[in-house]
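Visitor: task: produce atomic coordinates for the following.
(chains A and B)
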Amino acid sequence: MTDQDEDEADAFFHALADRTRRDILRRVLRGEHSVTALAASYDMSFAAVQKHVAVLERAGLVTKRRHGREQLASGDVTAVRSVASMLDELEAIWRGRIDSIDALIQEDSPPCP
Amino acid sequence: MPVTHITKDLDARSLTITAQFAAPIERVWQVYADPRQLERVWGPPMYPATVVEHDLTPGGRVHYLMTGPDGDQVFGLWDVLSVDAPNSFRFEDFFADADFTRNLDLAVTHCTFAFTSIDGGTRAVYTSTFDSAEALQQVLDMGMEEGATLATNQIDALLAAG
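Guide: Numbers count the residues shown, from 1 in each chain, chains lettered A, B, ... in the order given. Predicted coordinates for the structure are as follows:
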């Protein structure tokens, strides 16, 4: 790994080393949230939540945009999980499903003597 | 092994999985036409499905719920788009509220299931397509121990990038 990779890894793990930041990341991965709405979900100041969002942003896990007075944060799914790795997971689910179909169909035929 | 082929299209976010079953096409179709059989093959092992409404006709709906190990329930429904028994059908798979209203904030999966008679049985081709990476993630995370999956995948991603 290069120094730059090591720096990115530091930022990545630092960002995820905090329970509140992981929780924020889960919320914004499911859809865009205003920082105000996020702050309302935690028992801490707006500034503290804003700081957590900034740490996630620096790690490349969250992107922010302005909308009027609001700052809107969304999770970067591809930074967290690649489409390729997710399709691999889906393949595993489907393989399980196809095994179930096969087992169900096999029930019809009496076992070979 | 019944699975014979896998195609993944990263740009279109779609998975096509081809399988062969040692049974006539009508028997394979029955798995989907019969709600009691469908529920045995739809939910993941930890989240068995119960089909509560089943109308596999164009414009019809299939309502199901999946029950997790802690008794938590996830509701889903199919909007059936087209049916050509016993050859194929297309549907959109939605997350739903407990009263089976479509949850439009969550992912929709576009599904095409097609069956062909072949020597010795039936070839089945299952295609699932997602509108976005977020949608794909929502489907995978259904009922998952959030932290555990997220953490595992993050580490995988990091190792892959390194």
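
Visitor: what's in contact with the biggest helix by length in chain A?
Guide: If you go by DSSP state H, chain A has its longest helix at helix A:83-106. With Cβ atoms under 8 Å, 6 or more residues apart in numbering or on different chains as the contact definition, helix A:83-106 has outside contacts at B:2-3, B:6, B:8, B:10, B:13, B:15, B:17, B:19, B:21-23, B:27-28, B:31, B:37, B:40-42, B:44-45, B:124, B:126, B:128, B:133, B:136-137, B:139-140, B:153, B:156-157, B:160. Just so you know, the C-beta spots here come from the backbone N, C-alpha and C atoms, and that holds for glycine as well.

Visitor: list the buried residues in the strand or helix carrying residue A:74.
Guide: If you go by DSSP states H and E, residue A:74 is part of strand A:70-75. Within strand A:70-75, the residues that count as buried by 16 or more other Cβ atoms under 10 Å in any protein chain shown are A:71, A:72, A:73, A:74, A:75.

Visitor: that strand pairs with which strands, parallel or anti?
Guide: strand A:33-34 (antiparallel), strand A:62-67 (antiparallel) (DSSP bridges).

Visitor: residue nearest the middle of chain B, spatially speaking?
Guide: Centroid check for chain B by Cα atoms, centre = their mean gives residue B:42 as the closest residue, at 6.7 Å.

Visitor: how deep is the nearest residue to residue B:12 once chain neighbours are set aside tucked in, by neighbour count?
Guide: In space, and not counting its chain neighbours, residue B:12 is closest to residue B:129: 6.2 Å by Cβ to Cβ, 6 or more residues apart in numbering or on different chains. By the criterion of other Cβ atoms under 10 Å in any protein chain shown, residue B:129 has 17 neighbours.
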